[in-house]
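Enquirer: Generate coordinates for the sequence data below:
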Amino acid sequence: MTSPSHFIKLPGARRPAFRAARAACGLLLAVHACLLLPAPARAALKLAYCRDDGRHWQVWLAEPDGNGARALTDSSWDKRTLRTAADPARLLSRDNEGRLHELALPGGGTNRQILNQLDVVKDFDFTPRHGFLISSYAPNSLDNVVVWHCAADGSGLRLLNRDPFLNEMPRWLPDGSGFVYVRSHGPKSVLCRADASGGNIREVLPGVSDAIADPCPDPTGRWIAFCRERDKNMDLWVARLDGSDARSVHAGPGLEAEPAWSPDGNWIYFATADAGRFRIARVGRDGRGLTHLTPSDVDARCPVLLDLKSN
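Expert: Next up, the predicted model:
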């Protein structure tokens, strides 16, 4: 057994000084450890969109406020319907012939075609966790558009609905429990939601006969931005997922299209027709702070927000 005489007992007057010195040493060690650790990744939010260069639609990248815009691609095919990919340094797009591509960022030079098992992709959505939602033609049909699902690696393609309508513009709810889409028959289109299996279909805005397009859930999954026909124009609207609190956010002189939310849910980015061309704009979810982000003399569409993390 250790003898008590082996312990050094400091006089009472010296204990505070000893404790202060020990605390200072601990602080120095902590600072040293922090200097040795790699710096945490910082969010680097960027705005990507498609822009017409007079020959083809190319992908452009800019700051969220539209500044610092530069072309990422210069190739002889059109890029449409931009979506984020599993790798934050990549971007998914659809061309004008209905084929899906994966582009490398920030250079945009590397391109590979993906999901070749469907002849024509009309629209799609993707998350790394929940995979692809794809709007395409039903088997052996030219007038029936259906929604398909497959895993993020392209495997397990399966049909989610078999009704005789045009089922288009599918978008995942953030938790993957289901998706929203537009179902059309003749001149009428309705905003619908379904479970991830494609079942339990219900209308989000029952009784609304106006044409609906481009639904996009916000990051919480409680709100949806969409475009609604009013007085022969397509205006930007939001509503709760249950259809309540529907209200106009922006009603421009022409068409609004392709809304996309900022990651914090405070802004809605969208394409708006202005003087015969489409421009990228953003507006607060309360309808305030409208700002045009691209020039008035070029066409730009399909905005998407990317989080390119940097050290």
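Enquirer: ok, and the closest non-adjacent residue to Arg70?
Expert: With CB to CB, 6 or more residues apart in numbering as the criterion, Arg70 has its nearest non-adjacent residue at 6.1 Å, and that residue is Leu61. Quick note: C-beta positions are derived from backbone N, CA and C, even for glycine.
Enquirer: right, and the one you found touches Cys50 too?
Expert: No. In this structure Leu61 lies outside contact range of Cys50 using CB atoms under 8 Å: 11.2 Å.
Enquirer: Give me the more crowded residue out of the two.
Expert: Legend: neighbour count by other CB atoms under 10 Å for Leu61 and Cys50, higher for Cys50 (26 against 20).
Enquirer: Confirm that Leu236 sits in a helix.
Expert: No. If the criterion is DSSP: H, G, I helix; E, B strand; the rest coil, then Leu236 is strand and not within a helix.
Enquirer: what's near enough to touch it?
Expert: Taking CB atoms under 8 Å, 6 or more residues apart in numbering, we find Leu236 in contact with 225-227, 248-251, 256, 259, 268, 270, 272, 283.
Enquirer: Report the buried members of those.
Expert: Applying 16 or more other CB atoms under 10 Å to those, the neighbour count classes 225-227, 249-250, 256, 259, 268, 270, 272, 283 as buried.
Enquirer: So which of the residues you listed are in helices?
Expert: For these, not one is inside helices, with DSSP state H as the criterion.
Enquirer: and stretch 84-104, which residues are buried?
Expert: Neighbour-count burial for stretch 84-104 [16+ other CB under 10 Å]: 84-85, 88, 90-95, 98-104.
Enquirer: which SSE is the residue nearest to Arg70 in?
Expert: Taking DSSP states H and E as the definition, Leu61 sits inside strand 57-62.
Enquirer: Run through who's touching that strand.
Expert: With CB under 8 Å, 6+ apart as the contact definition, strand 57-62 has outside contacts at 46-52, 68-75, 78-80, 82, 91, 93, 96, 103, 105-106, 108, 293, 300-301, 306.
Enquirer: Same question for stretch 160-172.
Expert: Looking at what lies outside stretch 160-172 - CB under 8 Å, 6+ apart - the contacts are 122-125, 127, 130, 133-135, 138, 143-149, 179-185, 194, 197-198, 201, 213-217.
Enquirer: So, low pLDDT: which residues of the protein?
Expert: The chain contains residues with pLDDT under 70 at 1-43, 106-109, 309-311.
Enquirer: For Trp60, give the beta-bridge partners.
Expert: With beta bridges defined as DSSP bridges, Trp60 has these partners: Tyr49, Ala71.
Enquirer: now it: how far from Asn67?
Expert: 12 Å (CB to CB, to the nearest Å).
Enquirer: The two: who's more crowded?
Expert: When neighbours are counted by other CB under 10 Å, Trp60 and Asn67 differ, and Trp60 comes out ahead with 22 against 9.
Enquirer: Check the spacing between that one and Leu105 real quick.
Expert: Using CB to CB, Trp60 is found at 12 Å from Leu105.
Enquirer: what residues are shared contacts of those two?
Expert: Contacts common to Trp60 and Leu105, judged by CB under 8 Å, 6+ apart, are Leu72.
Enquirer: Helices of the chain, start to end?
Expert: Listed in chain order, the helices found in the chain under DSSP H are 15-36.
Enquirer: per-domain residue ranges of it.
Expert: Partitioning the chain according to automatic domain parsing yields domains covering residues 10-36, 45-307.
Enquirer: Am I right that Ala297 is in contact with Arg277?
Expert: Rather than Ala, residue 297 is Asp. Yes. Asp297 is in contact with Arg277 according to CB under 8 Å; the separation is 7.3 Å.
Enquirer: Strands of the stretch 201-311 of the chain, start to end?
Expert: With strands called from DSSP state E, counting those that start in this stretch, the stretch 201-311 of the chain shows them at 202-203, 212-217, 223-230, 233-240, 247-250, 256-261, 267-274, 277-284, 291-292, 300-307.
Enquirer: and the gap between Phe270 and Val249?
Expert: Counting by CB to CB, the gap from Phe270 to Val249 is 9 Å.
Enquirer: Name the residues contacting each of the two.
Expert: In terms of CB under 8 Å, 6+ apart, Phe270 and Val249 are both contacted by the residues 225, 236, 283.
Enquirer: is the last one in a bridge, and if so with what?
Expert: It stands for Val283. With DSSP bridges as the criterion, Val283 is bridged to Ile268.
Enquirer: Identify each buried residue in stretch 272-281, please.
Expert: The neighbour-count check on stretch 272-281 (16+ other CB under 10 Å) flags 272-274, 277-281 as buried.
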